[in-house]
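Trainee: Everything below, folded, please.
(one chain, ligands or ions: 1)
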Amino acid sequence: MTQQYDTIRAVIWQDNVLKLLDQRKLPHEEILLTLETAADTAQAIKDMVVRGAPAIGVTAAFGVVLAARAAYAKNPENWRAEIAEDLDILANARPTAVNLVWALEVMKGLFDGIEGDPEPTLLAEAQRIHEEDIAANRTMGELGSALFPENCRVLTHCNTGSLATGGYGTALGVIRSGYANAKVTDVYADETRPWMQGARLTAWELVQDKIPVTLVVEGAAATLMRQGKVDWVVVGSDRITANGDVANKIGTYSLAVLARQHGVKFMVVAPMSTVDYNLPNGDAIEIEQRAYEEVLSIGGQQIAAEGANAWNPVFDVTPAELVDAIVTEKGVVENPTTEKMAELLK
Ligand code: MRU
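Mentor: Numbering: from 1, shown residues only. Okay, the predicted model is just below:
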């Protein structure tokens, strides 16, 4: 159920199919796409119909339900073997957000105990993953906003809200909570080249939920901080490694360096499903590279000079030493280290 300052849902299971709010079309058009196969679900993740690490995880879980339905219809005796190819297709949709493989592992963990039709059990699990993500976001919202001073001014990057999660958001959930408690007075959002998640999605989401937002180009962040207009930078993550290094949308690392230079605090907000204890540090994270056209053009229209090359890594890694606080639903880790991150598991 949505509440004040939280009215948007991008991943919806309805009438036995998966519906996704097409984020490529926002803010100009609000179109719900219907998905009935796992392959189409994987393609939607690849094409950024749905994006944001936790939203990708929730979507993949529903993708497993669609895969199981098809596998059981084709081969009821041996659906576990039949489903393997679809699981692979889902796992390979995008590489950096660990929530995708996390959700697939949770779903696969149920396979052995299922008798008969797998769909009801798997659907209940996907719905639980979805609800738990929203609940984790609300908890992180409280924990993160408790760190803010009165009259706090925040700067955020990319989109980490209801569109990027099961609902409510990670970093944007903390900002929602801070605004609802009258602690946050100003919200600045980076436009977030090249996909414009800040300009198209964060601004749309906050305007929908009646939270005032000021958009800045990435290059303005340094001056904004130098003029003393930001107290906290608040971002999400696609993968946090065992030592507290943070992969997130390209440009996050620049903000962390700028924040340290200007005495601004830097907060990362992510559920435990984003923490990858299997990787020792950020050097081990696979960083997705996307098409050069995303840099050379905007909205399908060529902007760059004909013949120019481009480089398009879509995530970067912020070293743990630049992070003041990692906020999860299990608690807050200040100045993260491998030892402090391990404490979260206890
Ligand atoms: O390429 P995207 O739009 O999927 O990247 C999203 C981000 O980098 C988000 O900051 C991250 O997934 C955290 S979302 C709660």
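
Trainee: from this structure, which residue is nearest to the ligand?
Mentor: In the chain, the residue found nearest to the ligand is Gly236; the distance is 2.8 Å by Cβ to the nearest ligand atom. C-beta: built from backbone N, CA, C; applies to glycine.

Trainee: Can you give me every residue that contacts that residue?
Mentor: Shown in contact with Gly236 (Cβ atoms under 8 Å, 6 or more residues apart in numbering): 52-53, 158, 160, 164, 169-172, 248, 268-270, 274.

Trainee: if I pick the closest residue to Leu147 other than its chain neighbours, what's in contact with it?
Mentor: In this structure, Leu147 finds its nearest non-sequential neighbour in Ala325, 6.1 Å apart by Cβ to Cβ, 6 or more residues apart in numbering. By Cβ under 8 Å, 6+ apart, the contact list for Ala325 reads Gly144, Leu147, Lys265, Phe266, Met267, Val268, Val332, Val333, Glu334.

Trainee: Please name the strands paired to the strand or helix carrying the fourth one in the sheet, noting orientation.
Mentor: Assigned by DSSP states H and E, Phe266 falls within strand 265-269. Using DSSP bridges, the strands paired with strand 265-269 are strand 232-235 (parallel), strand 325-328 (parallel).

Trainee: Let me know which of those is the nearest to Trp13.
Mentor: strand 325-328 (25.6 Å; Cβ to Cβ).

Trainee: Any chance of the backbone angles for Leu32?
Mentor: Here is the backbone geometry of Leu32 (degrees, to the nearest 10): phi -100, psi 120.

Trainee: what does the stretch 51-200 of the chain have sitting close to the ligand?
Mentor: Applying Cβ under 6 Å from any ligand atom, we find that the stretch 51-200 of the chain lies next to the ligand at Arg51, Gly52, Ala53, Pro54, Ala97, Cys158, Thr160, Ala164, Thr165, Thr170, Gln197.

Trainee: in the stretch 1-150 of the chain, which spans are helices?
Mentor: For the stretch 1-150 of the chain, helices defined by DSSP state H, counting those that start in this stretch occupy the ranges 38-46, 53-74, 79-82, 84-91, 99-108, 119-145.

Trainee: could you give the angle of the last one to strand 265-269?
Mentor: So the one you mean is helix 119-145. 170 degrees (axes from the mean of the first three to the mean of the last three Cα atoms, to 10 degrees).

Trainee: And helix 119-145, what does it pack against?
Mentor: When contacts are defined as 3 or more Cβ pairs under 8 Å, 6 or more residues apart in numbering; DSSP states H and E, helix 119-145 packs onto strand 11-14, helix 53-74, helix 99-108, helix 171-180, strand 265-269, strand 325-328, strand 331-334.

Trainee: thinking in terms of the whole chain, how far from its middle is that helix?
Mentor: When C-alpha coordinates are averaged (Cα atoms, centre = their mean, to the nearest Å), helix 119-145 and its chain have centres 13 Å apart.

Trainee: Break this structure into its domains for me.
Mentor: 2-135, 139-344 (automatic domain parsing).

Trainee: Dump those into TSV; add mean pLDDT as well.
Mentor: Output for those, formatted as TSV (pLDDT from 0 to 100):
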stretch	mean pLDDT
domain 2-135	97
domain 139-344	97
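
Trainee: where does Asn278 land in three-state SS?
Mentor: coil (DSSP: H, G, I helix; E, B strand; the rest coil).

Trainee: how near is it to Lys108?
Mentor: 16 Å (Cβ to Cβ, to the nearest Å).

Trainee: Please apply the same query to Arg138.
Mentor: Counting by Cβ to Cβ, the gap from Arg138 to Lys108 is 28 Å.

Trainee: Which one of those two is surrounded by more residues?
Mentor: More crowded of Arg138 and Lys108, by other Cβ atoms under 10 Å: Arg138, with 18 against 15.

Trainee: ok, the more buried one touching Gly173?
Mentor: Yes - using Cβ atoms under 8 Å, Arg138 is in contact with Gly173, at 6.9 Å.

Trainee: Excluding residues flanking it in the chain, which one is nearest Leu21?
Mentor: Nearest one to Leu21, counting by Cβ to Cβ, 6+ apart, is Ala10 at 4.2 Å.

Trainee: List phi and psi for the one you found.
Mentor: Torsion angles, degrees, to the nearest 10, at Ala10: phi -110, psi -20.

Trainee: what's the burial count for it?
Mentor: Neighbour tally, Ala10, other Cβ under 10 Å: 27.

Trainee: Tell me the spacing between it and Asp22.
Mentor: With Cβ to Cβ as the criterion, Ala10 and Asp22 are 9 Å apart.

Trainee: what does Glu132 give?
Mentor: 25 Å.

Trainee: for Ile285, same thing?
Mentor: Distance of Ile285 to Asp22, given as Cβ to Cβ: 28 Å.

Trainee: Between these two, which is the more surrounded one?
Mentor: Ile285 (22 against 17).

Trainee: so what's the closest residue to that one other than its chain neighbours up against?
Mentor: Of all residues not flanking Ile285 in the chain, Ala247 sits nearest, at 4.8 Å (Cβ to Cβ, 6+ apart). Applying Cβ under 8 Å, 6+ apart, we find Ala247 in contact with Thr96, Ser237, Asp238, Arg239, Ile240, Thr241, Gly282, Ile285, Ile287, Phe315, Asp316, Val317.
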